[in-house]
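**Q** With the sequence up front, the predicted model follows.
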Amino acid sequence: MIKKALFTTMLAFAMGSVGSLAFAEDVLISTHNTSMLLRANEGESLKIAYYGARIDRDEIAQVWQSGLAFNRAAYPSFNTNLLDEPALEVEHADGSISLDLAVVNVTRKTTDKGEEVRILSRDKVYPFEVVNCYRSYTNSDIIEMWSEISHKEKKGEVKLMQFASAYMPIHGDQVWVSHLHGCWANEANLFEEPLTAGMMVIKNRDGVRNGMSDIPEVMLSLDGRPAELSGRVIGAALCYSGNYKLRIDTDRDGKFLHHFIAGIDETASQYFLKAGETFVTPEVAFTYSTEGKSGVSRNFHRWARLDGKLHNGTAPRDVLLNSWEGVYFDVDTERITKLIDGAAELGGELFVMDDGWFASKKYRRLSDNAALGDWTVDREKLPDGLQPLIDHAKAKGLKFGIWIEPEMANWKSSELYDKHPDWILQYPGREPLLGRGGTQVVLDLSNPEVQDFVFSVVDNLMTEYPEIAYMKWDANASIINYGSPYLPKDRQSHIYIEYHKGLRNVVERIRAKYPNLVLQACASGGARAGYGTLPYFDEFWTSDDTDALQRIYMQWGMSMFYPAAAMASHVSTVPNHQTGRVVPLKFRFDVAMQGRLGIEMRPSDFTAEELAFAKQAVTDYKRLRTLIQQGDLYRLRSPYEGKGDVASLMYVSPDKQKAIFYGYKLKHFAGHTVPPFRMAGLDPDKNYRLHELNVNDEGMKSMEGTVISGHLLMSQGLKLILDKEYSSRVFELTAID
Ligand code: DGJ
């Protein structure tokens, strides 16, 4: 029986014009601005009818009557519809691959953040069940969907062959997809294309870092070519840190219906489910906005910050100095002390000692090919250990952070491997394929002992040095050896999934014990940006490429889904170590101040003039960090569009009293004029006073103190002189009474 008492918004209504659907049980799930409508008739397959702008209960009938209702299986399964892409495909204990799920009941409950709806369906023949779950939020326009799969088949295990989190039909003949693609040092480039007949697949099979090529988030613009500030856009984010697959299948009967299916990639991952066990898929978070791609971004950012999808999402992020590009592996007391002094002089708040600080009796970390896994201080480099450095940082007013890479080891060049050769993932009977430095291997996180070890890397450091405030958690190798010494031979296909269950177990333990330790997710750069990771991590390292010009493109891409508070953006030296490009210090600061500002160079390399500039920039950033890290993002001019010669964006405070505007010239040709920058998100009825930041030229003072209305700034814009390659302008806007 459907539990009518709990089913508060379920309606029964006559459907005069829809003949056979004479009586229907509809489940309406809403956020402030969006709604999803499901039809859960007992004994029938669960249907999705609608997803988009918020509708009220009295509009439910109209959705059906207008012919707009999708009326599609909400969780398409193999066999009942052989023609469509399945979200679920299983092999029953008796070998049959048929499924025919019918709704049994619906439960709803109010949570502290919104509402949770669970719809149980059972196969008409087999004791096989799926609960389709939905979670809506009152703070943010997000509805998460996931599935819980279980059975009680007596003949044995059920093999899960496809087990997506969720399905979403998308109507429209002009639907475009926006997604991010990249590689090491060139992450998160924005790609946009119209959906045409056939299937588009966005996937990742790195095994460890699932943002290494594509990122498991997309936007679908329903009104043609995607726009930043207008148009209906659906956003979807798969909250999973492992291999995934997003499919968009454009229907054979024309281009008006697109089937979007998101979930764990099943390649080499068939999952054997015992009777009584439940397989819980990761959530996929959907959002919808009529305010273009920036609207969808703001929805995701808000959810991340306010609904626990970014760890400590509303806490202010410190300005830090990281040692990597300053000294690389050449860590020693003198160099680190000098970096700490430089960080303090700049006005930094946190110092992070990157790779190179550890060793064992037998192996030292002089490059990336040894000692990984041996997490004790290298006493040759740091004879007095970490404590004097922590104390020195403290004396200078800085917190202390440290780099770790706890999921990995060096093969035959770490004591960890020497002691536990069976702790690494490996093909049985073969020499392992080796990653970074020609010696790196991945630990087998399906093994609880390995999970304990990974936990202990953090726990031991924190126990010995409780003042450590920050850890940069790196991951520089993929699963290229498919085989777990721990899992039984009939469970080898669980490796990819069990790895991420193990990882989650570890980070959950860490979070339970160290809720305030700031963790950065680094994966050779930005490959762990994603909502599978961020609930446990405070930020991600955007890219190993710190070149400010290339960062414009990557940060633009990352901003599509992740808030500025999470995006680590560092000022580095010139010529840039990755590209050799020389760009002005002002441009480097103006770009890094889009996200969580950091410095990644030797401050001693600054001239006196540069140092003064950098100090003022850090001071201004600290004053404005709430606006930047917690503000509403409006992307104005895309570096990916037009001539690609400018980029511009802004953050606005929720009360619209403050804003910060950024404009960049990316390439310059004489005679090219830059049209005015039209702003967005301001209050048209307020007047804003302009204050220019990071001024390094007298000419920039011409607009200082100017007062312009929000209405003019948004309708006409600001005409700015950007007359050189890598010119940039940053303005603070303050509403005046
Ligand atoms: C890769 C990271 O992305 C870098 O920032 C740095 O931490 C190195 N690893 C250290 O080995």
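**A** Alright, I've got the coordinates.
**Q** now the end-to-end length of stretch 148-159.
**A** 15 Å (C-alpha to C-alpha, to the nearest Å).
**Q** how far away is the closest residue to Glu600 other than its chain neighbours from the ligand?
**A** Computed as C-beta to C-beta, 6 or more residues apart in numbering, the closest residue to Glu600 that is not its neighbour in sequence is His570, at 3.9 Å. (Each C-beta comes from the backbone N, C-alpha and C, glycine too.) Look at His570 and the ligand: by C-beta to the nearest ligand atom, to the nearest Å, they are 9 Å apart.
**Q** what secondary structure does His570 sit in?
**A** Under DSSP: H, G, I helix; E, B strand; the rest coil, the three-state class of His570 is strand.
**Q** So what pairs up with it in the strands?
**A** Beta bridges link His570 to Gly598, judged by DSSP bridges.
**Q** show me what contacts it?
**A** 322, 325, 546, 592, 597-600 (C-beta atoms under 8 Å, 6 or more residues apart in numbering).
**Q** next one: Ile340
**A** Each residue near Ile340 by C-beta under 8 Å, 6+ apart is listed here: 321, 351, 389, 392-393, 396, 398.
**Q** what about whatever residue of the stretch 551-700 of the chain ends up closest to the ligand, how many neighbours?
**A** In the stretch 551-700 of the chain, the residue that lies nearest the ligand is Glu600 (8.1 Å; C-beta to the nearest ligand atom). Look at Glu600: counted by other C-beta atoms under 10 Å, it has 23 neighbours.
**Q** That one against Leu320, yeah?
**A** No: Glu600 lies out of contact with Leu320 (C-beta atoms under 8 Å); the separation is 9.0 Å.
**Q** Scan the contacts of His570 and report the most crowded one.
**A** Result: Ile599 is most packed of the contacts of His570 (other C-beta under 10 Å), 30 neighbours.
**Q** shouldn't it be in contact with Gly348?
**A** Yes: between Ile599 and Gly348 a contact is recorded at 6.7 Å, counting by C-beta under 8 Å.
**Q** list the buried ones in stretch 288-304?
**A** Neighbour counts over stretch 288-304 (16 or more other C-beta atoms under 10 Å) mark 288-289, 291-304 as buried.
**Q** again, but for stretch 429-445
**A** So for stretch 429-445, counting by 16+ other C-beta under 10 Å, buried means 432, 434-437, 439-445.
**Q** between these, which is closest to Ile736?
**A** Using C-beta to C-beta, Arg436 is the member of the buried residues of stretch 429-445 that lies nearest Ile736, at 53.8 Å.
**Q** For that closest one, give me its contacts.
**A** 368, 476-477, 524.
**Q** now with 6 Å?
**A** Going by C-beta atoms under 6 Å, 6 or more residues apart in numbering, Arg436 touches 368, 476-477.
**Q** List phi and psi for it.
**A** With angles defined as degrees, to the nearest 10, Arg436 sits at phi -40, psi 130.
**Q** What sits closest to whichever residue of the chain sits closest to the ligand if chain neighbours are left out?
**A** Residue of the chain nearest the ligand, by C-beta to the nearest ligand atom: Asp355 (3.5 Å). In space, Asp355 comes closest to Trp403 once its chain neighbours are excluded; the distance is 5.1 Å by C-beta to C-beta, 6+ apart.
**Q** how would you label the one you found: helix, strand or coil?
**A** strand.
**Q** Where do the strands of the stretch 601-737 of the chain begin and end?
**A** 632-637, 646-652, 658-665, 687-693, 707-709, 728-736 (DSSP state E, counting those that start in this stretch).
**Q** Comparing the ones you listed, which comes out most buried?
**A** Of those, the one with the most neighbours on average (mean count of other C-beta atoms under 10 Å) is strand 646-652, at a mean of 25.
**Q** Could you tell me the angle between it and strand 658-665?
**A** With axes from the mean of the first three to the mean of the last three C-alpha atoms, to 10 degrees applied, the angle from strand 646-652 to strand 658-665 works out at 170 degrees.
**Q** Same list, the contacts of His570, but as TSV with distance to Ser66 and pLDDT please.
**A** Listed next are these as TSV, based on distance: C-beta to C-beta, whole Å; pLDDT from 0 to 100:
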residue	distance to Ser66	pLDDT
Asn322	56	98
Glu325	58	98
Thr546	52	98
Ala592	49	98
Leu597	50	98
Gly598	52	98
Ile599	57	98
Glu600	55	98
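**Q** what's the farthest-apart pair in those residues?
**A** The most distant members of the contacts of His570, if one measures by C-beta to C-beta, are Glu325 and Leu597, lying 15.2 Å apart.
**Q** Quickly find the element holding Lys586.
**A** Under the criterion of DSSP states H and E, Lys586 resides in helix 585-592.
**Q** tell me which parts of this protein are close to the ligand?
**A** 324, 354-355, 368, 403, 474, 476, 522, 524-525, 541, 544 (C-beta under 6 Å from any ligand atom).
**Q** Filter those down to the buried ones.
**A** The buried subset of the residues of the chain next to the ligand - by 16+ other C-beta under 10 Å - is 324, 354-355, 368, 403, 474, 476, 522, 524-525, 541, 544.
**Q** Please flag which of the residues you listed sit within strands.
**A** 403, 541 (DSSP state E).
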